[in-house]
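Asks: Dropping a prediction and its sequence here:
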Amino acid sequence: MSKSNETAEYDFKYLVNLRKSGDFVKIAEDIFAMSNYGGGFLLFGFKEREGHAGYDPLGLPDSYSIDGAAIQRKFNSYSNEPITLYYKEYTRSIRTDDSEELRRFAILYVPPGQVELYPIKEGNYRDQQGRKKTVFRDKDILIRRGSVTDRATPSERSWITKRLLDEEFQIGLLSGDPDTVNEHIYSNIFELRRLPNFVYECCLNQRENLRKFRWSARVENIAFVNRGDFIYSFENLNVDSLNEFFYTTTHNKISTKEFLEDNDNEILFKWLLNSEISLYLLNEGFRYDSKYGNTYFFPKTPDSNERKVSWQSRYRKSTRFVVRYYYEQNLNSYLYRHDAAELRFTNIGESYYLTIKPRIILSYNGMNAVHDSKQGPIITRLLHDEYNDKYLNNVLFWISQFKGDDESITLNDRLNISRIPKILEFNKGIRYDRPKTEFNDRIEEMYMLGE
């Protein structure tokens with residue numbers, strides 16, 4: 001809460017004194033502007049720093065008391081149309097230099113206006129020298145411009161009118177109804193742009209040869225899957241080093257198009273794609289947890305307790321820990337925490353996509369994943385923040401681990417995958433669902449309407 005900055009939807013105040021006209025008309029000015037803009041919040045108990053940007057969470061004085069209904073009545077006496085304001089007080093524990101204090105705050109929710117809102121009388125007060133000050137005039141149309149309240153320009157007036165004409169705009173965080181905004185939803189799927197041209201098939205001459213063949217295929221760097229005694233691969237299996245395992249007359253080369261015409265081959269084809277990506281990641285030095293299908297990082301040296309990886313994020317080049325050794329209080333033991341991901345291909349209709357699901361794996365030795373009932377609650381707790389704030393960033397981190405150019409990656413010279421996740425576009429969304437960078441880590445500071 002100590003890093004708070006104002007935005008168009010959030011304005012920080014210390015106190016509001018309804019008996020002081022100067023205090024209230026400044027609050028009323030922001031309410032007019034926020035309502036015309038599309039709604040917002042006034043938060044009380046935050047005092048502006050002197051000489052520095054931001055607000056400190058001082059909290060409301062113990063003696064401070066205000067009636068939310070009184071704020072609404074007084075504002076509506078200035079307004080051309082009455083509106084409903086939502087006022088709520090809440091407490092939060094604030095850390096100081098050497099302790100924590102329980103402090104009281106308040107939040108005032110301004111809903112989106114259903115009409116163009118304007119004052120029907122001037123907002124005046126007298127300063128300490130007795131001079132008259134005018135905050136707004138009769139019929140001023142006010143709007144939020146960034147973190148500032150100002151009179152609307154002609155183009156902003158047109159924007160307000162357009163917003164009001166849309167009957168479906170009535171949104172708000174309290175109702176849960178969608179806003180009429182251009183919303184871009186980033187997915188965790190990446191389109192497979194180029195498929196292998198052929199699928200190769202052949203039959204094992206002895207079922208017992210499957211284990212030996214698996215070893216030889218790894219040496220030859222060949223990805224494959226088996227269905228019964230038949231082996232399938234995107235790589236030509238008719239090579240001298242492997243022929244001892246097959247009936248030579250069963251070698252078959254099938255075009256991908258023909259192979260997929262048989263619906264029974266759809267799952268088999270996805271298995272093949274998954275075997276390709278698993279082989280690629282193993283060659284790149286990752287470990288694979290076969291029980292749950294997760295790929296994960298491990299320490300580079302046996303005596304290392306951590307590992308860092310540099311990568312180009314959406315905004316800048318950064319470094320992150322992908323392995324850390326830490327003390328887990330719930331187990332009374334030290335553990336390795338590994339960044340992991342489930343990477344699997346799926347299809348939507350005739351199109352195929354690489355799906356990336358970030359995970360966390362725990363181990364005692366830095367290498368072998370632990371599987372027992374005690375790990376589940378710990379991993380759920382560790383993943384909590386990942387799913388709230390960082391999921392997309394983690395997805396993009398994992399796609400960055402594949403070699404290629406800015407637009408695509410190539411696996412084993414056969415598969416070409418887009419590096420850009422599939423983006424869905426809607427004309428409905430949540431107006432207040434702004435990027436985390438825009439709010440500058442103020443998620444905790446807002447406390448979700450004080451809940």
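Replies: Done, it's in.
Asks: What is the strand ranked longest in the chain packed up against?
Replies: Ordering each strand of the chain by length in residues (DSSP state E) puts strand 333-348 first. Contacts defined by 3 or more Cβ pairs under 8 Å, 6 or more residues apart in numbering; DSSP states H and E place strand 333-348 against helix 265-283, strand 294-296, strand 317-328, strand 351-363, helix 391-399. Just so you know, the C-beta spots here come from the backbone N, C-alpha and C atoms, and that holds for glycine as well.
Asks: For it, buried residues please.
Replies: Buried residues in strand 333-348, defined by neighbour count with 16 or more other Cβ atoms under 10 Å: Leu335, Tyr336, Arg337, His338, Asp339, Ala340, Ala341, Leu343, Arg344, Phe345.
Asks: Quick one: mean pLDDT over it.
Replies: Computed over strand 333-348, the mean pLDDT rounds to 93.
Asks: quick one, that strand and strand 351-363 angle?
Replies: 170 degrees (axes from the mean of the first three to the mean of the last three Cα atoms, to 10 degrees).
Asks: about what we covered before: buried deepest among the helices and strands packed on strand 333-348, which one?
Replies: strand 294-296 (a mean of 23; mean count of other Cβ atoms under 10 Å).
Asks: Within its sheet, name the partner strands of that one and how each one runs.
Replies: If you go by DSSP bridges, strand 294-296 pairs up with strand 287-289 (antiparallel), strand 333-348 (antiparallel).
Asks: Beyond it, next helix or strand please.
Replies: With elements assigned by DSSP states H and E, the helix or strand that comes after strand 294-296 is strand 306-312.
Asks: and that following strand, which residues are buried?
Replies: In strand 306-312, the ones that count as buried by 16+ other Cβ under 10 Å are Arg307.
Asks: For it, which helices and strands make contact with it?
Replies: Packing contacts for strand 306-312, counted by 3+ Cβ pairs under 8 Å, 6+ apart, involve strand 317-328.
Asks: Identify the residues contacting the strand it packs on?
Replies: Identification of contacts with strand 317-328 by Cβ atoms under 8 Å, 6 or more residues apart in numbering yields 297-299, 304-312, 333-339, 362, 366, 378, 397.
Asks: and what of stretch 22-29?
Replies: By Cβ under 8 Å, 6+ apart, the list of residues contacting stretch 22-29 reads 13, 15-18, 42, 71, 74-75, 78, 119, 123-127, 133, 135-136, 142, 149.
Asks: Was I right to think Leu260 contacts Ile267?
Replies: No: the pair Leu260 / Ile267 is not scored as a contact, 11.1 Å apart, by Cβ atoms under 8 Å.
Asks: Run the chain-centre distance for the longest strand of the chain.
Replies: 17 Å (Cα atoms, centre = their mean, to the nearest Å).
Asks: Next: stretch 137-157.
Replies: 32 Å.
Asks: Next: stretch 201-210.
Replies: That offset, for stretch 201-210, works out to 46 Å (Cα atoms, centre = their mean).
Asks: One more: stretch 96-116?
Replies: The chain centre lies 24 Å from the centre of stretch 96-116; the measure is Cα atoms, centre = their mean.
Asks: Let's see it as CSV, backbone CA atoms only.
Replies: This file holds the C-alpha atoms of stretch 96-116, laid out as CSV (Å, rounded to 0.1, in the frame of the first residue of the first chain):
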residue,chain,number,x,y,z
THR,A,96,5.7,-0.3,9.9
ASP,A,97,9.5,-0.3,10.5
ASP,A,98,9.3,-2.6,13.6
SER,A,99,5.8,-3.7,14.0
GLU,A,100,2.3,-4.1,12.4
GLU,A,101,-0.6,-1.8,13.1
LEU,A,102,-4.3,-2.4,12.5
ARG,A,103,-5.6,0.7,10.6
ARG,A,104,-9.0,1.8,9.3
PHE,A,105,-9.7,2.8,5.8
ALA,A,106,-12.8,3.6,3.7
ILE,A,107,-13.8,3.2,0.1
LEU,A,108,-16.5,5.0,-1.9
TYR,A,109,-17.6,3.4,-5.1
VAL,A,110,-18.9,5.7,-7.9
PRO,A,111,-21.0,3.7,-10.4
PRO,A,112,-21.1,4.5,-14.2
GLY,A,113,-23.6,7.3,-14.9
GLN,A,114,-26.7,6.5,-16.8
VAL,A,115,-27.0,10.1,-18.0
GLU,A,116,-24.4,12.9,-18.5
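Asks: Report the buried residues of it.
Replies: Neighbour-count burial for stretch 96-116 flags Arg103, Phe105, Ala106, Ile107, Leu108, Tyr109, Val110, Pro111, Pro112, Gly113, Glu116 (criterion: 16+ other Cβ under 10 Å).
Asks: Then stretch 15-31?
Replies: Neighbour-count burial for stretch 15-31, counted by 16+ other Cβ under 10 Å, picks out Val16, Ser21, Asp23, Phe24, Val25, Lys26, Ile27, Ala28, Glu29, Asp30, Ile31.
Asks: dump the residue contacts of the second one.
Replies: To tie it back to what came earlier, the one meant is Ser21. Asn124, Tyr125, Arg126.
Asks: Take the residues you listed and keep only those in strands.
Replies: Mapping the contacts of Ser21 onto strands (DSSP E) picks out Asn124, Tyr125, Arg126.
Asks: Generate a PyMOL selection restricted to the buried subset of the residues you listed.
Replies: Burial among the ones in strands among the contacts of Ser21 is assessed by 16+ other Cβ under 10 Å; the matching PyMOL selection reads:
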select buried, resi 125
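Asks: Which member of the ones in strands among the contacts of Ser21 is positioned nearest Asp98?
Replies: Checking those against Asp98 with Cβ to Cβ, the nearest one is Tyr125 at 40.6 Å.
Asks: Verify the contact between that closest one and Arg19 for me.
Replies: No: at 11.5 Å, Tyr125 does not count as touching Arg19 under the criterion of Cβ under 8 Å.
Asks: So in terms of bridging, what pairs with the closest residue to Glu48 other than its chain neighbours?
Replies: Leaving aside its chain neighbours, Glu48 sits nearest to Tyr55 (5.5 Å; criterion: Cβ to Cβ, 6 or more residues apart in numbering). Applying DSSP bridges to Tyr55 gives these bridge partners: Ser4, Glu48.
Asks: Can you tell me how far Tyr55 is from Asp11?
Replies: Tyr55 sits 10 Å away from Asp11 when distances are taken as Cβ to Cβ, to the nearest Å.
Asks: again, but for Leu117
Replies: As defined by Cβ to Cβ, Leu117 lies at a distance of 16 Å from Asp11.
Asks: Please say which of these two ends up with more neighbours.
Replies: Set Leu117 next to Asp11 and count neighbours by other Cβ atoms under 10 Å: Asp11 wins out with 25 against 22.
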